[in-house]
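A.B. asks: Sequence and predicted structure are below.
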Amino acid sequence: MRAVRLQKLEALKAAGMRPYDDRYERTHVLADARQVAADQESDDPESGRLVSVAGRVMMRRVFGKLVFVHLQDGSGRCQVVLDAGTMGDEAVQQFQDFVDLGDHVGFEGRTARTKKGEPSVWASGWTFLSKSLLPLPEKWSGLSDLEARQRERYLDLVSNPETRERFRLRSRFVKELRRYLDERGFEEVDTPILQTKVTGALAKPFVTHHNAMDMRCVLRIAPETWLKQCVAGGMDRVYEVARCFRNEGMSPAHLQDFTMVEWYAAYWNYQDNMDFTEGLLLHLVDVLLGKREIEVEGRTIDFDTPWPRIAMRDLILRDSGIDYAELETADDVRQAIRDKGIQLEAEGVDQMSRGNLIDQLYKKVSRPQLVNPTFVTDHPIDLSPLARMNDQDPTRVDRYQLVVNGWEIINAYSELVDPLDQRARFEQQVAARDAGDEETLPLDEDYLRCMEHGMPPMSGWGMGVERVVALLTGQDNLREVTLFPLLKPLDKSDEPAAAAPAAKEATTDEGETMSDEHRALLGSPADDVDALGITPERARELFDEHVKTPSLRRQMEQASVVMGAMARKLGTNEEAWRLLGLLHNLDFDEVKEPERHCLVTAEILGREGVHPAGIHAIAAHNDKGLVATGIRCVSVIDHAVSAAEAVVGLIHAACQVLPSKDVQDLKVKSVRKRFKNPKFAANVERDLIERCAGAGLELEAFLALAVEALQQEPVSEA
RNA sequence: GCCCGCUUAGCUCAGUCGGUAGAGCAUCGGAUUCUUAAUCCGCAGGUCCUAGGUUCGAGUCCUAGAGCGGGUACCA
C-alpha cells in the first residue's frame, strides 16, 4: 500500500503539483464553514459564501464525476463536494488519481447544501498540502488496540473523536485551574526538577548523573519544599504545575512521570484550605462538565457540596469497629486487626509501624468505600513529616486528603513551620531509615535553615492532575489521559540481546567445557541494571564468608571502589556496580581450576537471586576459562567489570614500587607509563584494562579515574 | 516482584477435533452526478509476536522468551 502511494506521489509531482506545501490560507475552520453552510438561506452554492478550508481527507465517496469528501481539522469535520460541472473534469480526475484517505488537502469553494441537506463546501479548486504514505485506521471502529493507541497516539487522536475530546478537556482543566488561582493572587513559579536531594514526599526517585558537575542527581518527586521557601521569601501565594517523577510500581492509578499541581497560601490553615478547595473543584466541574454528577465504572459520583469531612479515626471506627486512638503500640493495632478478622494483603505487616498499620487498615476498609468527594482529615503524625502537629492531640497532624472514587486526589495540610519540630521529625525519619524503612525523608539542612529564618503559617496542597482528569472524563486508567505514556521500545535491534547470538555462533566448534546448567546460570548481558537483586549487607556477608586471603579481599574492595567511580562517571547504578566489583572474584579462593573460576560465583549469585546481567558481567571477566565457551564481554557492565578488576592490579603494583607504597603518592602519569611497559607487573592483563573502551571510557581517562577513586577512598590491606 | 490473559492482512476481528488461513473496512481495477459506515462486480494483500519442541502434518498442543493488558503487592 505504501508502494502504491509512493507511485502516486511521483505521479503528482510529474503533474506539476507539490506533495508537501508550506502553507495554506484558510478563511474558515471546518466547523465554522459547516455552520455557514447550515445557516444560509438557500441550498444553492451561488448564494453561498466563498471560503477556503483545509484538513485531512477522512472519507470519500465517488459517483463517477461527483465526489463527496469528508474533511477533518482541529475544529471538526465538514463535507466537501467536487463535481465536474463546477471544477472541471481534469481537476476532479486529478483529485481521484492522486488523493488518498489520510492526505491533507486545501479547498476553495462556496458553502452550500446538498439535495439531502448536508452542509458542504462546493469546491471550485483544490490544493495538495501533504501526502500520506501509510493508511489510516479502519473508518468505523477507529483504532481500538490499547497498545497501538498509545504507541501511535496521533492515529488515536485522528480516528477517535472521544480521545481528542479527552485531551481537550485536560488542556481546558489546566488552563481553568491556572486562571482560578491567578485571579486569587497566586503567582505561578517554576522550581527545579533536577536536584541533589529527595524532598517533599516519601517516594523512590529516578537517579541520574550530572556530567559537568560530576555528581549524582535525582528528579524531583514533589515541588513542596521549594514552594514553601518561596512563601518564606514573601511570595504569599504561589503555585506550580509540576511534572514529577517517582520510580515506583506502575498501575492504572500510578504513572512514573506525572503532573502535580501544588499551591501554598500564607496565613491559611487546613480548614481554610478545605473551604477553598471545595470552591475550586466545584468551579472546575461546573465549567468543564456543566453538570455535577459523573459516571465512572458504573458508579455515580456526585460533586455537589458540601463534601463530608471525616477524621481518619472516626472513619476507621465506622468501617471496622477499631478505635486506634485507644491502641498505643503497633502490636495493639495488629492485634485489633487480627481480632476483627481483617486480612491486610500488604507485605511485612509484622514489622509495620503503628502509623503504617493504620494507613493499611484505612486503605483496606475505608478508602474503597469513598465514592463521592470526601475530606479524610487528621492523620497519624508518623506518616506526615512535613505537616503541622495538632494543638490538642500530638499524635495526629492537621492534614486532609480528598478522596474521590477511592482515589486520593489531593493531599493537604497546615504546613509545619516550626524549625525545632521539623528537625525532630526529620530525625525520626532518619531513625526509621536506619531501621530499614526505605521510604523516608533525608534530613534537609537547607530547608531547615529556611525555616529557622522564619516561615509564616501556611497551608497548601498537591493534586494529581491525571487522576482528576481521568475522573472527569470517566477513565479508570491514567494512561488514557496521558498523551504519550512510556512504553518499552519494540525495536529489538538496539537491545543487547541482539549481540549475544553472534558470540555464541563464533564458538560452536570450540571446546564445550561447560554444562548447559552452568551456561544457564551465566545470565544475559545488559548495559545496566536497575537493581542487582542483592542487598549491600548480604553481599558483604558473602564476601566475608568466601573471601579470606587479605590480598584478594583488598583487590575486590578496590575493584568495588573503581566500579563505583565508573558508575558515577557513566551515570549508571552506582550501588549495583560497586557490588559487582565487590563480588567479582567471590570463588577465587575456593576454586582451583582456572576454567571453573566464575562458574561457582555464578552458582552462588544465582541462588541469591542476583540479576542475570550482573552474573554475566562477572562471568565475562574470566576470559581464560570461559571465552572458549562463549561468555565474553558484550555490554557496558561486562566491560566495566573486566577493566576495573584488572586496573586495580596494575595500580597496586605501581604503588608497591613507590618509596611510600602509598596510593596517595601515585601519579596517573606513572601508571600510564607502567601500563605501556609490558615487563612491569607482567601478570596484569593489559587487554582486560583496555576493555574500559567497551564501557565508554578512554584508557587515559579510565586510569586517571581509577587512581583518583582509590585515592579518595583508600582500601587498606586488613 | 508474583499470578492471569491477549498477540492472525494496513485497521476491526473470525478461525471448529491438529489437516490447503477467512470476513468486513482500507488498497487496486471496473460501473455510477446527491452520498452519509453509499452500493454493485472483480483482483490483490499473511514472518498467524519470536525461538525451540511434539507430530506424517502446528495459527491450533508443549517449553522458553518479547510486547501489551488486567489483577495483586509497593507507591505523598
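C.D. replies: That came through, no problem.
A.B. asks: which parts of stretch A:171-184 are buried?
C.D. replies: Residues of stretch A:171-184 classed as buried: A:Phe173, A:Leu177, A:Tyr180, A:Leu181 (neighbour count, 16 or more other CB atoms under 10 Å). (Glycine included, C-beta is placed from N, CA and C.)
A.B. asks: same deal with stretch A:96-113?
C.D. replies: For stretch A:96-113, by 16+ other CB under 10 Å, it's A:98-100, A:102-113.
A.B. asks: Pick the one among those residues closest to RNA strand B.
C.D. replies: Nearest to RNA strand B among the buried residues of stretch A:96-113 is A:Asp100, at 5.8 Å by CB to the nearest atom of the strand.
A.B. asks: so what secondary structure elements neighbour the longest helix seen in chain A?
C.D. replies: Using DSSP state H, we find that the single longest helix of chain A is helix A:161-183. Under the contact criterion of 3 or more CB pairs under 8 Å, 6 or more residues apart in numbering; DSSP states H and E, helix A:161-183 touches helix A:153-159, strand A:187-188, strand A:237-245, strand A:257-266, helix A:270-289, helix A:465-472.
A.B. asks: which outside residues touch that helix?
C.D. replies: For helix A:161-183, the surrounding residues in contact (CB atoms under 8 Å, 6 or more residues apart in numbering) are A:149, A:153, A:156-157, A:188, A:237, A:239, A:241, A:261, A:263, A:280, A:283-284, A:287-288, A:465, A:468-469, A:472-473, A:475, A:480-481, A:483.
A.B. asks: and if you look at stretch A:73-92?
C.D. replies: A:29-34, A:37, A:45, A:53-56, A:58, A:65-71, A:95, A:107, A:109, A:112, A:114, A:118-126.
A.B. asks: Which of these fall in helices?
C.D. replies: Here DSSP H is the test, and those give A:Leu30, A:Ala31, A:Asp32, A:Ala33, A:Arg34, A:Ala37, A:Phe95 as lying in helices.
A.B. asks: Looking at the residues you listed, which one is closest to A:Arg354?
C.D. replies: A:Ala31 (58.9 Å; CB to CB).
A.B. asks: ok now do the closest one, which residues does it touch?
C.D. replies: A:Ala31 neighbours (CB under 8 Å, 6+ apart): A:Ser75, A:Gly76, A:Arg77, A:Cys78.
A.B. asks: Could you rerun that using 6 Å?
C.D. replies: A:Ser75, A:Gly76 (CB atoms under 6 Å, 6 or more residues apart in numbering).
A.B. asks: likewise A:Ile310?
C.D. replies: Under the criterion of CB under 6 Å, 6+ apart, A:Ile310 has no neighbours.
A.B. asks: before we move on, the earlier item: is there a quick ChimeraX command that grabs whichever of the contacts of helix A:161-183 are buried?
C.D. replies: Typed into ChimeraX, the line below selects the buried ones among these, using 16+ other CB under 10 Å:
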select /A:149,153,156,157,237,239,241,261,263,280,284,288,465,468,469,472,473,475,480,481
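A.B. asks: Around RNA strand B, which positions in the stretch 301-450 of chain A sit nearby?
C.D. replies: For the stretch 301-450 of chain A, the residues in contact with RNA strand B (CB under 7 Å from any atom of the strand) are A:Glu345, A:Ala346, A:Glu347, A:Asn356, A:Gln360, A:Ser384, A:Gln401, A:Glu408, A:Asn411, A:Glu439.
A.B. asks: min pLDDT across those, which one?
C.D. replies: Lowest pLDDT within those is found at A:Glu347 (67).
A.B. asks: Next up, the contacts around the residue of the stretch 551-700 of chain A found nearest RNA strand B.
C.D. replies: As assessed by CB to the nearest atom of the strand, RNA strand B sits closest to A:His611 within the stretch 551-700 of chain A, at 7.9 Å. Residues near A:His611 by CB under 6 Å, 6+ apart: A:Val529, A:Leu532, A:Gly533.
A.B. asks: next one: A:Gly106
C.D. replies: Going by CB under 6 Å, 6+ apart, A:Gly106 touches A:Tyr24, A:Ala54, A:Thr127, A:Leu129.
A.B. asks: Surely the second one and A:Arg23 touch.
C.D. replies: No: here A:Ala54 lies out of contact with A:Arg23, judged by CB atoms under 6 Å, at a distance of 9.7 Å.
A.B. asks: who's more crowded, those two?
C.D. replies: A:Ala54 (22 against 8; other CB atoms under 10 Å).
A.B. asks: Model confidence score at the closest residue to that one other than its chain neighbours, please.
C.D. replies: Distances taken as CB to CB, 6 or more residues apart in numbering place A:Gly106 nearest to A:Ala54, at 4.1 Å, with adjacent residues excluded. We have a pLDDT of 97 for A:Gly106.
A.B. asks: Tell me what A:Gly106 is bridged to.
C.D. replies: A:Ala54, A:Thr127 (DSSP bridges).
A.B. asks: One more: A:Asp257?
C.D. replies: A:Phe245.
A.B. asks: Off-centre distance for stretch A:75-85?
C.D. replies: 44 Å (CA atoms, centre = their mean, to the nearest Å).
A.B. asks: next one: stretch A:604-612
C.D. replies: So, by CA atoms, centre = their mean, the centroid of stretch A:604-612 is 27 Å from its chain's centroid.
A.B. asks: Straight-line length of that stretch, end to end?
C.D. replies: Taking CA to CA, to the nearest Å, stretch A:604-612 runs 12 Å from one end to the other.
A.B. asks: Next, the buried residues of it.
C.D. replies: For stretch A:604-612, by 16+ other CB under 10 Å, it's A:Ile604, A:Leu605, A:Gly606, A:Glu608, A:Val610, A:His611, A:Pro612.
A.B. asks: doesn't the second one fall inside a helix?
C.D. replies: Going back to what we said before, that points to A:Leu605. Yes: counting by DSSP: H, G, I helix; E, B strand; the rest coil, A:Leu605 is part of a helix.
A.B. asks: show me the contacts for it.
C.D. replies: A:Ile615.
A.B. asks: do the same with A:Phe98
C.D. replies: A:Lys8, A:Leu12.
A.B. asks: Give me the pLDDT value at it.
C.D. replies: A:Phe98 is given a pLDDT of 94.
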